[in-house]
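Have a look at this prediction, sequence included:
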Amino acid sequence: MSKKILWINPVGTDLFDRPIKDYLNEVKNSDTYLEVISFKRGPHHLEYQFYESLVGLDILRSIKLAEKDGYDAAVIGCFYDPFLSEAREISNIVVTAPAESSFAIAISLGHKFSILVGRRKWIPQMEENVIKYGLKERLASFRSIDMGVLEFQKRKEETEKRLITEAKKAIEEDGAEVIILGCTAEFGFYKKMEEKLGVPVIDATIAPLKYAEFLVELKKVSGISHSRKGKYEMPLTEEIKNWNIEEHYQFKW
């Protein structure tokens, strides 16, 4: 069952585009067409909420364009899950993001999970998402490795060492049964970690891609998609047109 999926790196650099595309091409279904994009402007990471706010319109614009271009799904490639709800509100395609996807998988693999983040700064916002998704009781802990997004792939040996160290603490001290890598830039470390730790380790790039594939297939087989009652009720086209939102915000509805 063919699927066309757009992966969005919501940052103003193409630094991760080729590495993530090559990485995900190894795990995607053979009938999945995958494209990876980033933005021409904006911050190079989203470690600050201010940076996240700057890329919001570009994320939503990209997803609406993906729908018009015949994509079946889009993945917002940041563990904060930025503008996930807003994207589902305005589009008819499947939209996934790393945290929600990783959590959905983790609770099927163990009772409690821990999330390994780069910096303590990230924890409050990510914890808010855990609570929002109704999974506070399934969270064992957050553990920080004191590294930034742009360091993970540059300092791979040190990243791997710190991830394993903190994951062991999460398992032995916090009761974690599943480990989630809490950043898409932490891709490529999960296999070695599973060998060392003996528990499932969820890669935050693989999870949303495979979740998107699953939801696309579910939609094609059964017609099931996100609800239009309540949270994801779509804005009125008449309002969008009458208020000149397309013109004012360069947003094709």
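Thanks, I have it.

And for residue 23, the neighbour number?
A count of neighbours around residue 23, defined by other C-beta atoms under 10 Å, yields 18. C-beta here means a position set from N, CA and C on the backbone, and glycine is covered the same way.

List the buried residues of the host helix or strand of it.
Using DSSP states H and E, residue 23 sits in helix 17-25. For helix 17-25, burial by neighbour count (16 or more other C-beta atoms under 10 Å) applies to 17, 20-21, 23-24.

Please name every helix or strand in contact with that helix.
strand 3-8, strand 32-37 (3 or more C-beta pairs under 8 Å, 6 or more residues apart in numbering; DSSP states H and E).

Now with 7 Å, please.
Helix 17-25 sits against strand 32-37, with contacts defined as 3 or more C-beta pairs under 7 Å, 6 or more residues apart in numbering; DSSP states H and E.

contacts for the strand it packs on?
Applying C-beta atoms under 7 Å, 6 or more residues apart in numbering, the contact partners of strand 32-37 are 3-9, 17, 20-21, 24-25, 28, 62, 213.

ditto for stretch 118-131
Taking C-beta under 7 Å, 6+ apart as the rule, stretch 118-131 contacts 47, 49, 79-81, 99, 115, 117, 136, 139, 142, 144-149, 182-183.

List only those of the residues you listed flagged as buried.
47, 79-81, 99, 115, 117, 139, 142, 144-145, 147, 149, 182-183.

Okay, and which of these map to helices?
If you go by DSSP state H, those have residue 99 in helices.

got the end-to-end distance for stretch 164-184?
17 Å (C-alpha to C-alpha, to the nearest Å).

Report the angle between the helix holding residue 23 and strand 32-37.
160 degrees (axes from the mean of the first three to the mean of the last three C-alpha atoms, to 10 degrees).

What average pLDDT does helix 17-25 get?
Averaging pLDDT along helix 17-25 yields 98.

Kindly indicate which of the buried ones among the contacts of stretch 118-131 lies nearest residue 91.
Distances from residue 91 to the buried ones among the contacts of stretch 118-131, taken as C-beta to C-beta, are shortest for residue 81 (15.2 Å).

ok, the closest one - contacts?
Listed by C-beta under 7 Å, 6+ apart, the contact partners of residue 81 are 97-100, 129.

Recalculate using a threshold of 10 Å.
Contact partners of residue 81, counting by C-beta atoms under 10 Å, 6 or more residues apart in numbering, are 87, 96-103, 125-126, 129, 132-133, 208.

now residue 224
215, 218.

go on, residue 48?
Contacts for residue 48 (C-beta under 10 Å, 6+ apart) come out as 54, 121-122, 125.

For the stretch 1-150 of the chain, just list every one of the strands.
All strands of the stretch 1-150 of the chain, identified by DSSP state E, counting those that start in this stretch, fall at 3-8, 32-37, 73-76, 94-96, 113-117, 139-144.

Next, the contact list for the residue nearest in space to the middle of the chain, please.
The chain has residue 98 as the residue nearest its centroid, 2.4 Å off, counting by C-alpha atoms, centre = their mean. Residues counted as contacts of residue 98 (C-beta under 10 Å, 6+ apart) are 75-81, 84, 180-184, 202-209, 211.

relative orientation of the longest helix along the chain and strand 139-144 in degrees?
If you go by DSSP H, the chain has its longest helix at helix 156-174. Inter-element angle recorded for helix 156-174 and strand 139-144: 150 degrees (by the same axes, to 10 degrees).

list the helices and strands helix 156-174 packs on?
If contacts are counted by 3 or more C-beta pairs under 10 Å, 6 or more residues apart in numbering; DSSP states H and E, helix 156-174 sits against strand 113-117, strand 139-144, strand 178-181, helix 190-197, strand 201-202.

what about 6 Å?
strand 113-117, strand 139-144, helix 190-197 (3 or more C-beta pairs under 6 Å, 6 or more residues apart in numbering; DSSP states H and E).
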